[in-house]
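Colleague: Sequence and predicted structure are below.
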Amino acid sequence: MAGSEYPCNFNYIGSDKEKFYLQKVTFDDNGKTKIKYGDKELDGRTNKDEFVKMFGEKVNDNFLQHSDNDTFLLYSKDSDDGAVFTFKNGLLQKFEYWTPC
């Protein structure tokens, strides 16, 4: 809904014949947009230190620092796919599904 208090922050990919996957989530600064990852809840108020604490030090193995943001790539357990979490000014800004192909 354009102009709504809750804009559409979730994008999916897939088809009616195949599964749908969460492709991208854009988080808002006040924490209203949330996702659950297992027993963990992430929102736009999640900071990098909390993220590392949730997922363990292994996330630092796939940490990239850019001039205007920081990203963490977490690989799926049984595939080459993964999830990219982008932080800006230390807070979670975006989740994106990642595939090497």
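Modeller: Received, thanks.

Colleague: ok, the residue at the greatest distance from the centre of the chain to Lys88 distance?
Modeller: In the chain, counting by CA atoms, centre = their mean, Lys17 sits farthest out from the average C-alpha position, at 25.5 Å. Lys17 sits at a distance of 37 Å from Lys88 (criterion: CB to CB, to the nearest Å). In this view, the C-beta of every residue, glycine as well, is placed from N, C-alpha and C.

Colleague: ditto for Glu57
Modeller: For Glu57 relative to Lys88 (CB to CB), the value is 22 Å.

Colleague: Looking at the two, which one has more neighbours?
Modeller: Lys88 (15 against 8; other CB atoms under 10 Å).

Colleague: Looking at strand pairing, list the partners for that one.
Modeller: As for beta bridges, Lys88 partners with Leu91 under DSSP bridges.

Colleague: Which residues are in contact with it?
Modeller: Asp68, Asn69, Asp70 (CB atoms under 8 Å, 6 or more residues apart in numbering).

Colleague: And the pLDDT for the second one?
Modeller: If I follow you right, that is Asn69. Note on Asn69: pLDDT of 81.

Colleague: can you start the count at 808 instead of 1 from here on
Modeller: Taking 808 as the first residue, the last one we looked at is Asn876.

Colleague: State the pLDDT value of the spatially closest residue to Asn876 that is not a sequence neighbour.
Modeller: Using CB to CB, 6 or more residues apart in numbering and skipping residues adjacent in sequence, the residue nearest Asn876 is Lys895, 4.6 Å away. Here the pLDDT value assigned to Lys895 is 93.

Colleague: and Lys895, how far is that from Arg852?
Modeller: Distance from Lys895 to Arg852, by CB to CB: 13 Å.

Colleague: what's the answer for Val832, then?
Modeller: 14 Å.

Colleague: With Lys826 instead?
Modeller: 30 Å.

Colleague: ditto for Asn816
Modeller: Counting by CB to CB - Asn816 and Arg852 are separated by 14 Å.

Colleague: Please work out how many residues are found near Lys841.
Modeller: Using other CB under 10 Å, Lys841 is surrounded by 15 other residues.
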